[in-house]
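Undergrad: got a predicted structure plus its sequence, pasted below:
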Amino acid sequence: MRMSLAQRVLLTWLFTLLFLIMLVLKLDEKAPWNWFLIFIPVWIFDTILLVMLIVKMAGRCKSGFDPRNGSQNIKKKAWYLIAMLLKLAFCLALCAKLQRFTTMKLAYVLIPLWALLIGGMVELGYNIFYVRRD
């Protein structure tokens with residue numbers, strides 16, 4: 001499951017465009033769709049990314065893999081997995097709030113997004129300021 005950079009960019013652009021078109025139709029009240037249907041392109045894209053990430057992480061379980069070569073790599077992939085799950089939790093909570101399935105406060109809906117943003121800032125700071133000492 002190897003994709004070139006151009007294929008990844010095209011796939012991202014296509015799903016983003018489809019999501020934005022559906023979102024505009026919903027907000028203009030041209031389409032009386034459920035909010036969960038509006039987010040289908042986002043969830044398809046996230047599913048593709050999750051499957052690719054899980055396949056790469058499962059590749060570490062095959063015989064002949066030297067775990068010393070990728071100890072830092074597995075931490076990065078674990079962070080990517082956590083970030084994808086936080087994004088999924090935010091999208092599900094947002095759709096439930098917009099569809100009025102729940103009377104949850106907006107502050108509670110945004111908790112996964114805040115956790116994702118704080119984790120992203122920590123990861124960025126770690127990558128910028130971390131100095132490897134040998």
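TA: Good, I have the coordinates.
Undergrad: now stretch 109-127: buried residues?
TA: Neighbour counts over stretch 109-127 (16 or more other CB atoms under 10 Å) mark 109, 112-113, 116 as buried. Any C-beta I mention is one placed from the backbone N, CA and C, and that applies to glycine too.
Undergrad: who's in contact with it?
TA: Stretch 109-127 is contacted from outside by 79, 82-83, 86-87, 89-90, 93-94, 97, using CB atoms under 8 Å, 6 or more residues apart in numbering.
Undergrad: pLDDT check: weakest of these?
TA: Among the contacts of stretch 109-127, W79 has the lowest pLDDT, at 88.
Undergrad: quick one on the thing from earlier: any idea which of the contacts of stretch 109-127 is closest to L11?
TA: K87 (16.7 Å; CB to CB).
Undergrad: for that closest one, what are phi and psi?
TA: phi -70, psi -40 (degrees, to the nearest 10).
Undergrad: show me what contacts it?
TA: Residues in contact with K87 (CB under 8 Å, 6+ apart) are 46, 112-113, 116.
Undergrad: what's the most distant pair in these?
TA: For the contacts of K87, the farthest-apart pair by CB to CB is D46 and L113; their separation is 14.2 Å.
Undergrad: could you pull out the helices for this protein?
TA: For the chain, the helices defined by DSSP state H occupy 5-27, 35-38, 40-58, 71-98, 106-109, 111-129.
Undergrad: next one: the longest one to chain centre, how far?
TA: In other words, helix 71-98. Averaged C-alpha coordinates place helix 71-98 at 5 Å from its chain's average position (CA atoms, centre = their mean, to the nearest Å).
Undergrad: A93: neighbour count?
TA: Using other CB atoms under 10 Å, A93 has 20 other residues around it.
Undergrad: verify the contact between it and F101 for me.
TA: No: in this structure A93 lies outside contact range of F101 using CB atoms under 8 Å: 10.0 Å.
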